[in-house]
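Engineer: Sequence plus predicted model, see below.
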4 protein chains.
Amino acid sequence: MTDSVKPRAARGADKRRRLTAAAARILHEQGVERTTLADIARVAEVPVGNVYYYFKTKDELVQAALSEHSSRLDDLTGRLDELTDPRDRLKALVEAWVGQRDVAARYGCPTGTLAVELDKRADGTLDVEAGAVIRRLLDWTGQQFRALGLPDPDDLAVTLVSAYQGMSLLANALRDPDVMTREGARLLHWLDSLKAPRQTP
Amino acid sequence: MTDSVKPRAARGADKRRRLTAAAARILHEQGVERTTLADIARVAEVPVGNVYYYFKTKDELVQAALSEHSSRLDDLTGRLDELTDPRDRLKALVEAWVGQRDVAARYGCPTGTLAVELDKRADGTLDVEAGAVIRRLLDWTGQQFRALGLPDPDDLAVTLVSAYQGMSLLANALRDPDVMTREGARLLHWLDSLKAPRQTP
Amino acid sequence: MTDSVKPRAARGADKRRRLTAAAARILHEQGVERTTLADIARVAEVPVGNVYYYFKTKDELVQAALSEHSSRLDDLTGRLDELTDPRDRLKALVEAWVGQRDVAARYGCPTGTLAVELDKRADGTLDVEAGAVIRRLLDWTGQQFRALGLPDPDDLAVTLVSAYQGMSLLANALRDPDVMTREGARLLHWLDSLKAPRQTP
Amino acid sequence: MTDSVKPRAARGADKRRRLTAAAARILHEQGVERTTLADIARVAEVPVGNVYYYFKTKDELVQAALSEHSSRLDDLTGRLDELTDPRDRLKALVEAWVGQRDVAARYGCPTGTLAVELDKRADGTLDVEAGAVIRRLLDWTGQQFRALGLPDPDDLAVTLVSAYQGMSLLANALRDPDVMTREGARLLHWLDSLKAPRQTP
DNA sequence: CATGAATGAGTCTTCATTCAT
DNA sequence: AATGAATGAAGACTCATTCAT
């Protein structure tokens, strides 16, 4: 017999998870400033007053949303790591971005738009965290370029991630997912064209 | 001797201009949602109540800031148009971007960050305007590529502007102006490498 | 040749008259509190800043509107006085009311609704004036009943004016001009039915 | 011994009731436009910010006040319904009005004056509700006349309610409660004089 | 006299955060 | 832990009135 009553701890963890997921989604869609705690609570189906048992301030929820996006990124790169060729990993990354084109055209890149909004703050706490998530992506990308034996792998990483942020922003501003498709194709082509210099024997 | 008392009309227009300039700057620095009318009024040295004589709503001020950025863009492209070679114009554009690297690292691209914030709104009025400013830049850029006789000039424009938005966002998120310098150099190189296909004789 | 330039005094008096007429109309339609000086100025086609040359405060404009309604009432009773039979005068008064049924259904009796609004004020200055206009109507009506040799003419006047205010209010609240028509018919019948007691010879 | 600590739900409902009662009273006394939310909150002894927990807008408070007046009217007619003779009910209604003469002389009929003020609004939402309350009174009154077998009972209802609104307005404008007394006496006499036509046997 | 512009007090409304139970 | 209710500090916006020219 399955008891519908969950153990306390489980219930608590569940609510926390629901709040985090709700925050990740709504903050992406509406932005930090236009989202109220009540919005997040409603989506998470948690009573407003209860939110404060899990997150002491609104900023902690923003932080949780950032972590959520960060761990989704980790999931993605984790899956990509299963591919043997670093070039294939990067190409699959680009394809994943293009796969998100409709969301990007509507709301932009979750981390990128969050970073933009948080960077406007005088208080520089959360903006650093947003930057850290992006840096994580840069690091992983740089490793792939390095594994390919390409020179200046970190610069290449900046170029690739920068292209992603740029095309997301444009797709969003123009409300046109095709921007993602076209730029994605160009990036794939670019990745294919990169050649490691001859190794001295 | 210059009389410090300005004619009436001049004073009114002057205030409007001051408010617009203040809005353009503060909205860029603090973002729309975190900026109060009082902030803008203070910077423009205009009493708060008086703001409404010039702009009926906060949104009108945002709109004015967008127009300001748009006309600054026009000024820039106007100056670039004096160069004879379209390629030189594009390279000078990139150099202008790099010249703004410190501002970009601190606050991002004015139009880009504004677009990101406005796109979060349910009410799609101002976000369209932000998109229009970006489209203006795309159009001008596309014309240069077209003048160079390059294929798919509009796609190239998207690539270039996208790169600009991406590098600004990354420079901002990482608080590192060097991103602008390095990506700028790459873009200059890329522009130089573009060759028009042979014309059939 | 007709000179379009009016003498100064005339122009001034004209503006004052336009402002008064505008106030009378707009205050009736929108109520005192929901009407701004700018509304009145716009309708009168007088620049806002100029209003204060003719009326030192908003209340003075309300006052002017009351006077306007009062003198329109005088005009009406003046015309009715030309009828020889006081009963005919009263019946013509009722017919005039019914003739205004569409305005009444939309905005109520100008003086009555103004009185209602002004009576809410703590400061009892203007409300007294509104009461005075109504009293003027009561006085004239009372005189007619007195001339008919009817007992308690002032009570009859209260009954008649009260009926007018009541039917205007109901017509307005129900947005139904027919209320005016039906009640008007009843009042005419009632006036006809009133008989003076036999005089002792 | 009565515990002064009330259960939660009771406290919430209590505040809502206090706010509604305060709104009903103050809006009647000061009018809608001259009453601030702070006024109502103060009378209800509720912190201003808390008002919005119960009523999302000022208009909702106006609406609540209207409902309050409506249900007070229902209470009254409910009590009158216990009288067996419809004529006695109507006479008792008139006596109830006269009993309120001092309030009427100071502030007018709550529903009537509210209707007058709300009818000035461009937005026709609340004015319809005010009309509905008056219609409720008309309906009940019409039923009594119908029960008496009188012809055109609805017209008679309009006449009676109209007389009530008219005498309230006059009493208010003239600041004279005696108007209510005298007109009330006349109405009682009128009600007594009404005879149902002979029924054909 | 005229008038565009200026002013600042006041009002509604929102919301993050806290509290009592 | 849980939660409905409470709180107060802003913020956008309005408008009668005044002022400078």
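Structural biologist: Sure thing, it's come through.

Engineer: how about low-confidence regions in chain A?
Structural biologist: Under the criterion pLDDT under 70, the flagged ranges of chain A are A:1-11, A:199-201.

Engineer: which residues in it form helices?
Structural biologist: For chain A, the helices defined by DSSP state H cover A:8-30, A:37-44, A:48-54, A:58-80, A:86-99, A:101-107, A:110-118, A:126-147, A:153-174, A:178-193.

Engineer: buried residues in the last one?
Structural biologist: To tie it back to what came earlier, the one meant is helix A:178-193. Residues of helix A:178-193 classed as buried: A:179-180, A:182-184, A:186-187, A:190-191 (neighbour count, 16 or more other CB atoms under 10 Å in any protein chain shown). Placement of C-beta: from N, CA and C, glycine included.

Engineer: what do you get for stretch A:123-134?
Structural biologist: Neighbour counts over stretch A:123-134 (16+ other CB under 10 Å) mark A:126-127, A:129-131, A:133-134 as buried.

Engineer: follow-up on the earlier one: would you turn the buried residues of helix A:178-193 into a markdown table with distance to B:Val116?
Structural biologist: A markdown table is the format used below for those (distance: CB to CB, whole Å):
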| residue | distance to B:Val116 |
| --- | --- |
| A:Val179 | 15 |
| A:Met180 | 16 |
| A:Arg182 | 21 |
| A:Glu183 | 17 |
| A:Gly184 | 20 |
| A:Arg186 | 23 |
| A:Leu187 | 21 |
| A:Trp190 | 25 |
| A:Leu191 | 27 |
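
Engineer: picking up where we left off before, what's the most buried one of the helices of chain A?
Structural biologist: Compared across the helices of chain A, helix A:110-118 shows the largest average neighbour count, a mean of 27 (mean count of other CB atoms under 10 Å in any protein chain shown).

Engineer: ok and that helix relative to helix A:58-80, angle-wise?
Structural biologist: Calculated by axes from the mean of the first three to the mean of the last three CA atoms, to 10 degrees, helix A:110-118 forms an angle of 150 degrees with helix A:58-80.

Engineer: and helix A:110-118, how far from the chain's centre?
Structural biologist: Centroid separation for helix A:110-118 versus its chain: 10 Å, with CA atoms, centre = their mean, to the nearest Å.

Engineer: any residues touching it, and which ones?
Structural biologist: The contact list for helix A:110-118 (CB atoms under 8 Å, 6 or more residues apart in numbering or on different chains) reads A:24, A:27-28, A:31-33, A:62, A:65-66, A:69-70, A:73, A:107, A:126-127, A:129-131, A:133-134, A:137, A:165, A:168-169, A:172, B:31, B:108, B:112-113, B:116-117, B:119-120, B:169, B:172-173.

Engineer: try it again with 6 Å
Structural biologist: Residues outside helix A:110-118 that contact it (CB atoms under 6 Å, 6 or more residues apart in numbering or on different chains) are A:28, A:31-32, A:69, A:126-127, A:130, A:133-134, A:165, A:168, B:113, B:116, B:169, B:173.

Engineer: Relative to B:Val43, which of those is nearest.
Structural biologist: B:Thr113 (18.1 Å; CB to CB).

Engineer: CA-only coordinates of stretch A:20-34, as PDB, when you get a sec.
Structural biologist: What follows is stretch A:20-34, C-alpha atoms only, in PDB (Å, rounded to 0.1, in the frame of the first residue of the first chain):
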ATOM      1  CA  THR A  20      13.500  26.600  -7.100                       C
ATOM      2  CA  ALA A  21      12.000  25.400 -10.300                       C
ATOM      3  CA  ALA A  22       9.300  28.000 -10.300                       C
ATOM      4  CA  ALA A  23      11.800  30.700  -9.600                       C
ATOM      5  CA  ALA A  24      14.100  29.500 -12.400                       C
ATOM      6  CA  ARG A  25      11.200  29.600 -14.900                       C
ATOM      7  CA  ILE A  26       9.400  32.800 -13.800                       C
ATOM      8  CA  LEU A  27      12.500  34.800 -13.200                       C
ATOM      9  CA  HIS A  28      13.600  33.900 -16.700                       C
ATOM     10  CA  GLU A  29      10.200  34.800 -18.200                       C
ATOM     11  CA  GLN A  30       9.400  38.000 -16.300                       C
ATOM     12  CA  GLY A  31      12.700  39.200 -15.000                       C
ATOM     13  CA  VAL A  32      13.800  39.700 -11.400                       C
ATOM     14  CA  GLU A  33      12.200  43.000 -10.800                       C
ATOM     15  CA  ARG A  34       8.900  42.300 -12.300                       C
END
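
Engineer: Next one: that stretch, is it in contact with DNA strand F?
Structural biologist: No - with CB under 7 Å from any atom of the strand as the criterion, DNA strand F is not reached by stretch A:20-34; the gap is at least 10.8 Å.

Engineer: wait, does that stretch contact chain B?
Structural biologist: Yes - Stretch A:20-34 lies within reach of chain B by CB under 6 Å from any CB of the partner chain, at A:30-31, A:33-34.

Engineer: Stretch A:86-94 too?
Structural biologist: No - using CB under 6 Å from any CB, we find that stretch A:86-94 stays clear of chain B, coming within 13.6 Å at best.

Engineer: and that stretch, C-alpha only, in CSV?
Structural biologist: C-alpha atoms of stretch A:86-94 as CSV (Å, rounded to 0.1, in the frame of the first residue of the first chain):
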residue,chain,number,x,y,z
PRO,A,86,35.6,17.4,-28.4
ARG,A,87,34.5,18.9,-31.7
ASP,A,88,31.4,16.8,-31.7
ARG,A,89,30.7,18.0,-28.2
LEU,A,90,30.9,21.6,-29.2
LYS,A,91,28.7,21.0,-32.2
ALA,A,92,26.2,19.2,-30.1
LEU,A,93,26.3,22.2,-27.7
VAL,A,94,25.4,24.5,-30.6
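
Engineer: can you list contacts of it?
Structural biologist: Residues from elsewhere that reach stretch A:86-94 (CB under 6 Å, 6+ apart): A:80, A:83, A:144, A:147-148, A:184, A:187-188, A:191.

Engineer: No more questions from me, cheers.
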